[in-house]
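# need the 3D shape of this:
(one chain, ligands or ions: 1)
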Amino acid sequence: MRAEFAIIGGTGVYEPGWLEGAKRVDVETPYGTAHVVVGRYKDKRIAFLPRHGVGHQLPPHRVNYRANIAALQKLGVTQVLATGAVGTLTTRCRPGSLVMVDGFIDFTKARAGTFFDGEGEVVHVDMSDPYCGRLRKALAATAETLGIELYPTGTYVCTEGPRFETPAEIRFFQAIGGTVVGMTSVPEVVLAKEAQMCYATVCMVTNWAAGLTPRPLTHEEVVAEMRRNVDRLRQLFFATLEG
Ligand code: HPA
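Presented below is the predicted three-dimensional model:
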């Protein structure tokens, strides 16, 4: 089973029926097994990878990022469109917005974040352009054609989770130039880069970050906002794959 393109997302991004001849494939890797759906869309072979697993919803700090990316590599994937829910740190991007990030700041603490972890050569991968410029251009052009509002740049602050942030942390993240805050982009983007894939992320802004509104932040609020926006995102991804 081969695929050139992949979509990484949560439930809702992939709906059965979008891919022709879709088959579930359990891909074995040195890091564990990843569960992927592979099928065809128009003339392209696409792999869909539910980041948090199938059935069991792994929390962000327990996701097997290495198995996920290694599995895509094994299938032959070279281009990845990823998405995830984020909180916004700025009034520029309100809940409901789509933000294509072009940088990240890493506050994760205890994740297996590299393939270059063994006895072999020492590798320091370049992170000057972590999210693929070519795919970002394609996504921006498609969004414009479809009339979908998409913020073309932004800095993703990645926290360890699974707890949400404190208001003091959010003020700090604002001060250091963050645009959105989430829990999944790192190490996924790093591993994709190490695997020499072209990888881009469009974030769905689901909420104001903690402390920016007087109300406490809930997981239910995040899920509800994601449901409202997933159609637009799916449209954007599939139209980009067509191009
Ligand atoms: N913080 C961290 N991760 C998130 C948030 C948030 O506010 N919203 C959705 N994922």
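# first-to-last residue distance for stretch 24-36?
End-to-end distance of stretch 24-36: 6 Å, with C-alpha to C-alpha, to the nearest Å as the criterion.
# in that stretch, what counts as buried?
Neighbour-count burial for stretch 24-36, counted by 16 or more other C-beta atoms under 10 Å, picks out 25, 27, 29, 31, 34, 35, 36. (C-beta placed from N, C-alpha, C; glycine too.)
# over to stretch 139-151?
Under the neighbour-count criterion of 16+ other C-beta under 10 Å, stretch 139-151 has 139, 140, 142, 143, 148, 150, 151 buried.
# go on, stretch 88-100?
For stretch 88-100, a neighbour-count test (16+ other C-beta under 10 Å) marks 88, 89, 90, 93, 95, 97, 98, 99, 100 as buried.
# out of those, who's nearest residue 10?
The closest of the buried residues of stretch 88-100 to residue 10 turns out to be residue 98 (C-beta to C-beta; 14.7 Å).
# OK, contacts around residue 110?
By C-beta atoms under 8 Å, 6 or more residues apart in numbering, residue 110 lies in contact with 61, 160.
# so where does it fall, helix or strand?
Assigned by DSSP states H and E, residue 110 belongs to neither a helix nor a strand.
# hang on, residue 36 is in a strand, isn't it?
Yes - judged by DSSP: H, G, I helix; E, B strand; the rest coil, residue 36 forms part of a strand.
# so who does it touch?
Contacts of residue 36 (C-beta under 8 Å, 6+ apart): 6, 24, 25, 26, 27, 47, 48, 49, 71, 72, 75.
# likewise for residue 224?
Residue 224 touches nothing, counting by C-beta under 8 Å, 6+ apart.
# phi, psi of residue 28?
Note on residue 28: backbone dihedrals following degrees, to the nearest 10 are phi -80, psi 140.
# what's the pLDDT at it?
We have a pLDDT of 97 for residue 28.
# how about residue 233?
Looking at residue 233, its pLDDT is 94.
# that one: which element?
helix 219-242.
# next: residue 68.
Assigned by DSSP H and E, residue 68 belongs to helix 65-75.
# is it true that residue 232 touches residue 148?
Yes - counting by C-beta atoms under 8 Å, residue 148 is a contact partner of residue 232 at 5.6 Å.
# intersection of neighbour lists for those two?
Common contacts of residue 232 and residue 148 (C-beta under 8 Å, 6+ apart): residue 98.
# just the CA trace of the lowest-mean-pLDDT helix or strand in the chain, in CSV.
Using mean pLDDT, DSSP states H and E, helix 219-242 stands out as the lowest-scoring helix or strand of the chain, at a mean of 91. Output in CSV follows, covering the C-alpha atoms of helix 219-242 (Å, rounded to 0.1, in the frame of the first residue of the first chain):
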residue,chain,number,x,y,z
HIS,A,219,-12.5,20.7,26.6
GLU,A,220,-16.2,20.7,25.5
GLU,A,221,-15.8,24.3,24.3
VAL,A,222,-12.8,23.3,22.2
VAL,A,223,-14.5,20.2,20.7
ALA,A,224,-17.7,22.2,19.9
GLU,A,225,-15.8,25.0,18.0
MET,A,226,-13.7,22.4,16.2
ARG,A,227,-17.0,20.7,14.9
ARG,A,228,-18.1,24.1,13.6
ASN,A,229,-15.0,24.6,11.5
VAL,A,230,-14.0,21.3,10.3
ASP,A,231,-16.0,21.4,7.1
ARG,A,232,-14.1,24.5,5.9
LEU,A,233,-10.8,22.9,6.8
ARG,A,234,-11.6,19.7,5.0
GLN,A,235,-12.7,21.6,1.9
LEU,A,236,-9.4,23.6,2.0
PHE,A,237,-7.3,20.4,2.4
PHE,A,238,-8.9,18.4,-0.3
ALA,A,239,-9.0,21.3,-2.8
THR,A,240,-5.2,21.8,-2.1
LEU,A,241,-4.6,18.2,-2.8
GLU,A,242,-6.4,18.5,-6.2
